[in-house]
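S.K.: I need the structure of the sequence given here:
(chains A and B)
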Amino acid sequence: MKDIIKPAAVLAAVTFCASLLLATVFAVTKERIAFLDSEAEKNALAIVLPGYSITDTAKTKDNKIYWVGEKTENGETINGFAFISESPGYSGTIRCMIGVDSNMTILGISILKQTETPGLGARSVEIASKNTFWDVITGSAVDEGIQFPWFQQQFAGLNGNKTVQVVKNGDWTPEMASDLVSQNAVSAITGATITSKAVVDCIHKGISEYNDIIKKK
Amino acid sequence: MSIKKEFLKGLVEKNPVMVLGIGLCPALAVTTSVSNALWMMIATTFVLTCSNILVSLVKDYIPSHIRIPVFITIIATFVTVVEITLKAYQPEVYTSLGIFIPLIVVNCIILGRAEEFASRNGVFISIIDALGMGIGFGLTLTILAFFRETLGANKLFGYTLIPGFKPAGMMAIAPGAFITLGLMLWAMNRIMVSRKHKK
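M.R.: Next comes the predicted model:
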């Protein structure tokens, strides 16, 4: 009998202390984590619906959230829509937020979650700083302001009604932009074609899913 | 048993990655950048120190046949504390280390030190052992990450080293990690052997 009670009591005491500590840490950090999550959502919305103010949050039949934004341009009110879509990438699910206007022109995308290979697929969320390591340590680095990852930037302005092509032009530069938009294409990340295609798939999937809802509005 | 000896054994003589061959999974997985490696060192050393302290404190009250579940509970608790804290205050580190933060629970170094050292020694010397092992593990990761980040991404701490230079992408993925670690093991063993001969 003693062989059962003592170990059980010790285990109970240990797990009780562990739970107490975890509950405390959770309570202390809860608000901050919730705040960071809402900030992340706000930042993503600002990227995918630039210049729009969010007027409504609605739910689809499958209980998925989407956002409706409004912007006044030349005296007219135009609507923008943002939604979240997921698609399997090279290693794990890629989750994107996509913003479109009522003509299905992509206004912007933001990759919310990805677990792609660092240095290859993970470059989809990387901001290419022009400052080199030596600039930073010698203090001659220039402040480049707020920047967006180039891979995501190139989706703005593409036509969501047509298939978005993936071409291999190397790293995107602003000079490539007009050429790519006319082809309705994006330049893939070198060495991460699967990731690039997965992001495009994610966008196609999202658009086809929300097409009907947006057309009705 | 001197303090200096217990601390240094984790760095060289019993280095967890290079000599004992444990903790290889995080060593290969998170070493794509130096900052990842440094954060991994901080997280692991914290968990290792806390678990060594507690294991050493409770060792006399735990019936020996249930010691493993108790050690695991202690370790898992501290890992979760680290995970929640990073999520709240260092969200970028939390996303970039990803699954490897919760996986510290199954890092053999931590359970290994609890079982082999802290459950047999006093609190103070267990702290020294934890710091030595944690830093030894972290330094190995940092050196590995230094080679992989500079050669594999042409970067250091996220900033480009040589503008326009095309890096060897293979160094950023798993094969590059194995090759680098293999070369590091060779270099270390070479130095150890030549030292022994001098003696």
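
S.K.: And the contacts of stretch B:122-135?
M.R.: B:1, B:3, B:6-11, B:14, B:16, B:41, B:44-46, B:48-49, B:51-53, B:55-57, B:109, B:113, B:117-118, B:121 (C-beta atoms under 8 Å, 6 or more residues apart in numbering or on different chains). Heads up, the C-betas are built off the backbone N, CA and C, glycines and all.

S.K.: Please apply the same query to stretch B:101-120.
M.R.: Applying C-beta under 8 Å, 6+ apart, the contact partners of stretch B:101-120 are B:16, B:20, B:22-23, B:25-26, B:43-44, B:47-48, B:51-53, B:55-56, B:59, B:67-68, B:71-72, B:74-76, B:79-80, B:82-83, B:86, B:94, B:126, B:129-130, B:133, B:137.

S.K.: Which positions in chain A make contact with chain B?
M.R.: Counting by C-beta under 8 Å from any C-beta of the partner chain, the residues of chain A close to chain B are A:6-7, A:10-11, A:14-15, A:18, A:21-22, A:25-26, A:29, A:32-33, A:36, A:40, A:115, A:117-120, A:129, A:131-136, A:191.

S.K.: Tell me who's in contact with residue A:57.
M.R.: Counting by C-beta under 8 Å, 6+ apart, residue A:57 has contacts A:65, A:66, A:67, A:68.

S.K.: thought the first one was touching residue A:58?
M.R.: Yes - when contacts are counted by C-beta atoms under 8 Å, residue A:65 is listed as touching residue A:58 (7.5 Å).

S.K.: Filter the contacts of stretch B:101-120 down to just the ones in helices.
M.R.: B:25-26, B:43-44, B:47-48, B:51-53, B:55-56, B:67-68, B:71-72, B:74-76, B:79-80, B:82-83, B:86, B:94, B:126, B:129-130, B:133, B:137 (DSSP state H).

S.K.: Give me the ChimeraX select line for the residues you listed, limited to the buried ones.
M.R.: Entered in ChimeraX, the line below selects the buried ones among those, by 16 or more other C-beta atoms under 10 Å in any protein chain shown:
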select /B:26,43,44,47,48,51,52,53,55,56,67,71,72,74,75,76,79,80,82,83,86,94,126,129,130,133,137
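
S.K.: before we move on, the earlier item: please pick the buried ones from the contacts of stretch B:122-135.
M.R.: Buried subset of the contacts of stretch B:122-135 (neighbour count, 16+ other C-beta under 10 Å): B:6-7, B:9-11, B:16, B:41, B:44-46, B:48-49, B:51-53, B:55-56, B:109, B:113, B:117-118, B:121.

S.K.: could you measure residue B:5 against residue A:93, distance?
M.R.: Noted for residue B:5: a distance of 48 Å to residue A:93, by C-beta to C-beta, to the nearest Å.

S.K.: I'd like the next helix or strand past the least confident helix or strand in chain B by mean pLDDT.
M.R.: The least trusted helix or strand in chain B, going by mean pLDDT, DSSP states H and E, turns out to be strand B:159-160, with a mean of 81. Counting by DSSP states H and E, the next helix or strand C-terminal to strand B:159-160 is helix B:174-198.

S.K.: so who does residue A:53 touch?
M.R.: A:69, A:70, A:71 are the contacts of residue A:53 under C-beta under 8 Å, 6+ apart.

S.K.: give me the element the last one is part of.
M.R.: Put plainly, it is residue A:71. Per DSSP H and E: strand A:65-73 holds residue A:71.

S.K.: Determine how far that strand lies from the middle of the whole chain.
M.R.: Here the centre of strand A:65-73 is set off from its chain's centre by 18 Å, with C-alpha atoms, centre = their mean, to the nearest Å.

S.K.: And the pLDDT for the residue of chain B positioned farthest from its centre?
M.R.: The outermost residue of chain B relative to its centre, with distances by C-alpha atoms, centre = their mean, is residue B:164 at 33.5 Å. Listed pLDDT for residue B:164 reads 76.

S.K.: give me every residue that touches it.
M.R.: No contacts exist for residue B:164 under C-beta under 8 Å, 6+ apart.

S.K.: So the residue of chain A most remote from its centre versus chain B, what's the distance?
M.R.: Distance from the C-alpha centroid of chain A peaks at residue A:1, with 57.4 Å (C-alpha atoms, centre = their mean). Counting by C-beta to the nearest C-beta, to the nearest Å, the separation of residue A:1 from chain B is 14 Å.

S.K.: Give me the local confidence score for that residue.
M.R.: Here the pLDDT value assigned to residue A:1 is 70.

S.K.: Equivalent analysis for the one 5 residues further on, please.
M.R.: Reading off the per-residue confidence, residue A:6 sits at a pLDDT of 88.

S.K.: my guess is it contacts residue B:65, does it?
M.R.: No - proximity of residue A:6 to residue B:65 does not meet the contact threshold set by C-beta under 8 Å, at 10.7 Å.
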